[in-house]
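**Student:** This is a predicted model, with the sequence first.
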Amino acid sequence: MLGACVGLDDSANNNRYGSVNLRATGSAPGPFSATATVTFFTGGEATLPTSVTSVDQCGQFPFTVEQIVPGNLTGGTSLALRVGGQSYAMTEPPTVPRIYTLPAPGVALYQAGDSAILTVPGVAGGFPGGQIAVRLAEPVLLGPLAPVEAGEEYAISWASNGDPRSGVIISMRYALAGSTDAPNRQLLCTVRDDGAYTIPGGVLTEWSTSNAASRSVNVLRWRTNEASVDERSKLHIVSTIDTTAVTVNQP
């Protein structure tokens, strides 16, 4: 659903895409620690995920941990990532080619308001040279979380940052009754970053009957950007930061 998740039309695979993911966890005041991965691939016409939305929506999905899949292109020997005032050289580990990562210890530190800029040198026969930037996502400052009552609406509030390019993803994770304590389902809502959202009670039935020990509410802020490098090449960048509130033994 995020940076590595695009919809591709396989009827024509002559387009090139660069997917940049910066993922952080934490709460204020910072600094925040983000991992970063970059991969390049060919494909048809793609629908790139965007944090800019005018419609709030929810759906129920299996809960899985997203995996970054290596692409089939390279973008050069080393990519340059600048976060705040620090520069990092991102390279392909010998054990996982075509996925560029940060040098040890594998994280970049940033403060609220910082941006990330990625510069791709480009390589003949691979992805061309280009640059993209994004303002890094700030942590979500949640309001109080009440117990979830069966069949009732569930209100979640947070401090909005006032940025129209910023979005919020609410993931209510749980395990179906009688199964493992590890979450295997989620109610996923993508909403505007306006400070409040009320989840309809009708979509909370599974949560209400789930294994209470497995429940958690994850609220993630994300911000995306895309840049056209040439007529058939695009860079897409996403920054996320995840705030988890564990909520157990609720009705």
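**Tutor:** Thanks, I have it. Residues are numbered from 1 along each chain as shown.
**Student:** Below-threshold pLDDT in the stretch 101-250 of the chain: ranges please.
**Tutor:** Applying pLDDT under 70 to the stretch 101-250 of the chain flags the ranges 247-250.
**Student:** for it, what spans make up the helices?
**Tutor:** Along the stretch 101-250 of the chain, the segments classed as helices by DSSP state H, counting those that start in this stretch run 205-208.
**Student:** now I68, what's its secondary structure?
**Tutor:** Under the three-state scheme (DSSP: H, G, I helix; E, B strand; the rest coil), I68 adopts coil.
**Student:** Would you confirm that it contacts F41?
**Tutor:** No - using C-beta atoms under 8 Å, I68 is not in contact with F41; the gap is 11.2 Å. Just so you know, the C-beta spots here come from the backbone N, C-alpha and C atoms, and that holds for glycine as well.
**Student:** Show me which of these two is the more surrounded one.
**Tutor:** Under the criterion of other C-beta atoms under 10 Å, the comparison of I68 against F41 puts F41 first, with 21 against 16.
**Student:** what's the closest non-adjacent residue to that one?
**Tutor:** Excluding the flanking residues, the one nearest F41 by C-beta to C-beta, 6 or more residues apart in numbering is G71, at 3.2 Å.
**Student:** what's the burial count for the one you found?
**Tutor:** G71: 23 neighbours (other C-beta under 10 Å).
**Student:** Could I get the full set of strands for the stretch 151-251 of the chain?
**Tutor:** Applying DSSP state E, counting those that start in this stretch to the stretch 151-251 of the chain gives strands spanning 154-157, 166-174, 185-192, 196-199, 216-230, 233-246.
**Student:** quick one, which of the ones you listed is packed in tightest?
**Tutor:** strand 166-174 (a mean of 23; mean count of other C-beta atoms under 10 Å).
**Student:** Quick one: residues in contact with that one.
**Tutor:** The contact list for strand 166-174 (C-beta atoms under 8 Å, 6 or more residues apart in numbering) reads 1, 50-53, 58, 63, 137, 140, 156, 158, 183, 185-193, 197, 199, 204, 206-207, 210-211, 214-223, 240.
**Student:** Thank you kindly, that will do.
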